[in-house]
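**Q** no sequence for this one, just the structure:
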């Protein structure tokens with residue numbers, strides 16, 4: 001039984017507040033005059049600068065981009081291992097000498113470089129191994145084909161088919177391990193957030209929610225304060241602001257092109273990475289597409305229906321995977337059932353009416369993780385009519401059983417929803433199914449999430465689960481609903497596993 005509440009748990013709120021508290025001395029006063037601004041400009045209402053901790057000093061012995069170089073080297077070691085494996089297998093089948101297999105190593109690293117497999121991390125504020133799986137597939141296939149074509153003997157198609165799929169899995173796994181090793185052995189990038197209000201708070205939350213970004217929020221500045229530094233006489237002010245900083249994140253919806261241009265110039269001169277948070281979120285967020293008309297960039301919005309072929313492929317994928325899940329995990333189902341019965345002797349399954357596609361109610365199945373009388377106790381714990389937003393999550397929830405706490409931590413209580421997927425009431429990926437009582441409280445702008453089948457997993461599970469505020473949840477689900485694709489579903493399924501392991505937002 002899922003419960004949501006608007007806002008954040010005290011533990012998270014404390015961590016997010018730490019990103020805004022002042023432990024160090026405030027920036028010294030800035031004397032240079034600030035250019036006149038329009039009366040309605042947000043800079044008329046600056047936020048005070050704050051620092052969470054003393055700003056680190058960059059080590060003089062370190063080259064500027066040493067973190068990225070270390071990551072590229074670790075990734076190259078992973079790729080070299082896979083390339084050597086491909087070369088050894090094909091050389092063994094073709095009867096080629098050992099030196100021939102060794103030659104596959106530099107060839108594989110060069111090919112990976114040509115495909116951009118070492119540069120994406122540097123260019124993106126958050127890049128994951130799952131994002132580059134298509135490039136990994138191309139890399140493994142191209143390297144195997146090249147080795148097969150140069151082999152002294154002909155390699156059969158069957159041999160090729162046996163080599164490439166394991167190589168793809170090994171390459172993805174080793175590259176993921178390389179990134180974990182990099183994060184464990186490399187200090188995070190010290191990050192300065194420039195902005196105020198909801199955008200700045202949102203990016204600060206993301207830095208805490210996603211440790212794989214490997215950022216440490218060093219300080220925050222209101223845009224007016226930073227504008228003073230940028231427009232100061234000489235470079236002393238901006239030099240102080242960027243001292244020891246590795247990345248600047250601009251999270252201000254009122255930034256003008258001129259402001260961004262000046263900030264970019266300073267970041268280039270100081271060799272500091274710059275990321276700009278788009279002001280377009282929620283319903284205003286465009287599809288992930290940027291077209292070009294001469295020198296004019298154009299953001300494209302998805303306003304079309306999902307193709308029937310996409311819907312058919314999605315349904316076929318749901319049936320196959322849910323059927324395999326029920327068959328393969330049958331022993332786990334039995335073990336969970338025994339544990340629930342042994343815990344309190346109550347029923348194994350929990351059934352509840354949820355809002356399906358277009359709001360049509362259906363009965364959702366879960367392993368029971370709460371006391372038998374949990375539904376009857378709810379009114380004494382939560383006043384649904386007094387909720388500021390149609391969601392809530394009780395923390396701690398006194399109704400959760402001992403076994404249920406374990407089931408929820410690893411999302412094992414969701415497994416019986418494979419039955420709902422087979423019946424066509426749910427999909428493997430989609431917005432989470434909400435209780436009918438909660439869905440009835442949706443405003444008109446919230447009902448978009450009912451336009452598709454609810455999912456066993458989805459963007460909410462991947463991007464923070466119960467840690468997300470109502471607005472953040474709506475934003476990530478809008479993105480999913482308006483950009484449905486099989487590729488997106490596969491990406492979200494792949495991201496569900498590390499999200500479950502992290503346990504962020506689980507109760």
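**A** That came through fine. Source: prediction; values computed, not measured.

**Q** pLDDT weak spots in the stretch 351-500 of the chain?
**A** Low-confidence segments of the stretch 351-500 of the chain (pLDDT under 70): none present.

**Q** Would you state the strands of it in chain order?
**A** Using DSSP state E, counting those that start in this stretch, the strands of the stretch 351-500 of the chain run over residues 361-367, 427-429, 434-435, 455-457.

**Q** Ok, the chain next?
**A** Taking DSSP state E, the strands of the chain run over residues 50-51, 189-194, 215-221, 247-250, 273-276, 290-293, 296-299, 349-355, 361-367, 427-429, 434-435, 455-457.

**Q** Turn these into TSV, columns for distance to residue 201 and mean neighbour count.
**A** Yep, even glycine has a C-beta here, placed from its N, CA and C like the rest. Converted to TSV, those look like this (distance: least, C-beta to C-beta, whole Å; neighbours: other C-beta atoms under 10 Å):
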stretch	distance to residue 201	mean neighbour count
strand 50-51	13	20
strand 189-194	9	24
strand 215-221	10	23
strand 247-250	12	23
strand 273-276	16	17
strand 290-293	27	8
strand 296-299	24	10
strand 349-355	30	17
strand 361-367	33	19
strand 427-429	28	26
strand 434-435	25	22
strand 455-457	27	25
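
**Q** closest one to residue 92 among the strands of the stretch 351-500 of the chain?
**A** Among these, strand 427-429 comes nearest to residue 92, with 39.2 Å by C-beta to C-beta.

**Q** tell me, how many neighbours does residue 198 end up with?
**A** Number of residues near residue 198 (other C-beta atoms under 10 Å) recorded here: 13.

**Q** ok, the residue lying closest to residue 456 once chain neighbours are set aside - how many residues close by?
**A** Leaving aside its sequence neighbours, residue 456 sits nearest to residue 417 (C-beta to C-beta, 6 or more residues apart in numbering; 4.7 Å). Number of residues near residue 417 (other C-beta under 10 Å) recorded here: 24.

**Q** One more: residue 243?
**A** By other C-beta under 10 Å, 13 other residues sit near residue 243.

**Q** tell me the pLDDT at it?
**A** If you check residue 243, the pLDDT there is 77.

**Q** ok, now residue 307?
**A** Per-residue pLDDT puts residue 307 at 70.

**Q** Look up how far residue 263 lies from it.
**A** Using C-beta to C-beta, to the nearest Å, residue 307 is found at 41 Å from residue 263.

**Q** who has more neighbours, the two?
**A** Comparing residue 307 with residue 263 by neighbour count (other C-beta under 10 Å), the higher total belongs to residue 263, at 23 against 11.

**Q** Please report how far the more buried one lies from residue 203.
**A** From residue 263 across to residue 203, the span is 15 Å (C-beta to C-beta).

**Q** Adding distance to residue 388, write the strands of the chain out as a markdown table.
**A** As requested, the strands of the chain are exported to a markdown table (distance: least, C-beta to C-beta, whole Å):
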| stretch | distance to residue 388 |
| --- | --- |
| strand 50-51 | 27 |
| strand 189-194 | 26 |
| strand 215-221 | 26 |
| strand 247-250 | 28 |
| strand 273-276 | 30 |
| strand 290-293 | 36 |
| strand 296-299 | 32 |
| strand 349-355 | 20 |
| strand 361-367 | 25 |
| strand 427-429 | 29 |
| strand 434-435 | 16 |
| strand 455-457 | 26 |
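
**Q** so which of those gets nearest residue 124?
**A** With respect to residue 124, and counting by C-beta to C-beta, the nearest of the strands of the chain is strand 273-276 at 8.7 Å.

**Q** Which strands border that closest one, and is each parallel or antiparallel?
**A** Note on strand 273-276: by DSSP bridges, its sheet partners are strand 247-250 (parallel).

**Q** Run through who's touching the strand it pairs with.
**A** By C-beta atoms under 8 Å, 6 or more residues apart in numbering, the surrounding residues in contact with strand 247-250 are 125, 189-195, 203, 215, 242, 260, 263, 267, 272-277.

**Q** Just the mean pLDDT for that strand, thanks.
**A** Mean pLDDT, strand 247-250: 87.

**Q** Can you get me a residue count around residue 402?
**A** Residues lying near residue 402 (other C-beta under 10 Å) number 10.

**Q** I figured it hits residue 340, correct?
**A** No. Using C-beta atoms under 8 Å, residue 402 makes no contact with residue 340, being 10.2 Å away.

**Q** which residues does the residue nearest to residue 276 when sequence neighbours are not counted form a beta bridge with?
**A** The spatially closest residue to residue 276, leaving aside those adjacent along the chain, is residue 250, at 4.6 Å (C-beta to C-beta, 6+ apart). Applying DSSP bridges to residue 250 gives these bridge partners: residue 194, residue 276.

**Q** So what are the structural domains in this structure, by residue number?
**A** For the chain, automatic domain parsing gives the domain ranges 10-40+190-279, 66-185, 308-502.

**Q** which residues touch the nearest residue to residue 133 once chain neighbours are set aside?
**A** The shortest distance from residue 133 to any non-neighbouring residue, by C-beta to C-beta, 6+ apart, is to residue 172 (6.1 Å). Contact partners of residue 172, counting by C-beta under 8 Å, 6+ apart, are 129-130, 133, 136.

**Q** Between which two of the residues you listed is the distance greatest?
**A** 130 and 136 (9.8 Å).

**Q** Tell me which of the two has more neighbours.
**A** For the pair residue 130 and residue 136, the greater number of neighbours falls to residue 136 (23 against 17), based on other C-beta under 10 Å.

**Q** Let me know whether the more buried one touches residue 117 as I believe.
**A** Yes. The pair residue 136 and residue 117 passes the contact test of C-beta under 8 Å, sitting 7.3 Å apart.

**Q** residues shared between the contacts of those two?
**A** Both residue 136 and residue 117 are contacted by residue 175, under the criterion C-beta under 8 Å, 6+ apart.

**Q** Quick one: closest of the strands of the stretch 351-500 of the chain to residue 449.
**A** Residue 449 lies closest to strand 434-435 among the strands of the stretch 351-500 of the chain, at 7.9 Å (C-beta to C-beta).

**Q** packing partners for that closest one?
**A** Helices and strands touching strand 434-435, by 3 or more C-beta pairs under 8 Å, 6 or more residues apart in numbering; DSSP states H and E, are strand 349-355.

**Q** So what are the sheet partners of the strand it packs on and their directions?
**A** Partners of strand 349-355 in its sheet, by DSSP bridges: strand 361-367 (antiparallel), strand 434-435 (antiparallel).

**Q** Output those strands as JSON lines; include the columns distance to residue 167.
**A** Below are these laid out as JSON lines (distance: least, C-beta to C-beta, whole Å):
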{"stretch": "strand 361-367", "distance to residue 167": "37"}
{"stretch": "strand 434-435", "distance to residue 167": "42"}
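
**Q** what's the closest of these to residue 479?
**A** Per C-beta to C-beta, nearest to residue 479 of the strands paired with strand 349-355: strand 434-435, 17.8 Å.

**Q** Quick one: distance of the closest one to the chain centre.
**A** Chain-centre distance of strand 434-435: 24 Å, with C-alpha atoms, centre = their mean, to the nearest Å.

**Q** what do you get for stretch 128-143?
**A** With C-alpha atoms, centre = their mean, you get 19 Å for stretch 128-143.

**Q** Any buried residues in that stretch, and which?
**A** 128-130, 132-133, 136-137, 139-143 (16 or more other C-beta atoms under 10 Å).

**Q** which residues touch it?
**A** Here stretch 128-143 makes contact (C-beta under 8 Å, 6+ apart) with 79, 82-83, 86, 104, 107-108, 111-112, 115-117, 120, 164, 167-168, 171-172, 175-176, 179, 212, 491, 494-495.

**Q** Give the burial count for residue 373, as a bare number.
**A** Neighbour number of residue 373 under other C-beta under 10 Å is 10.
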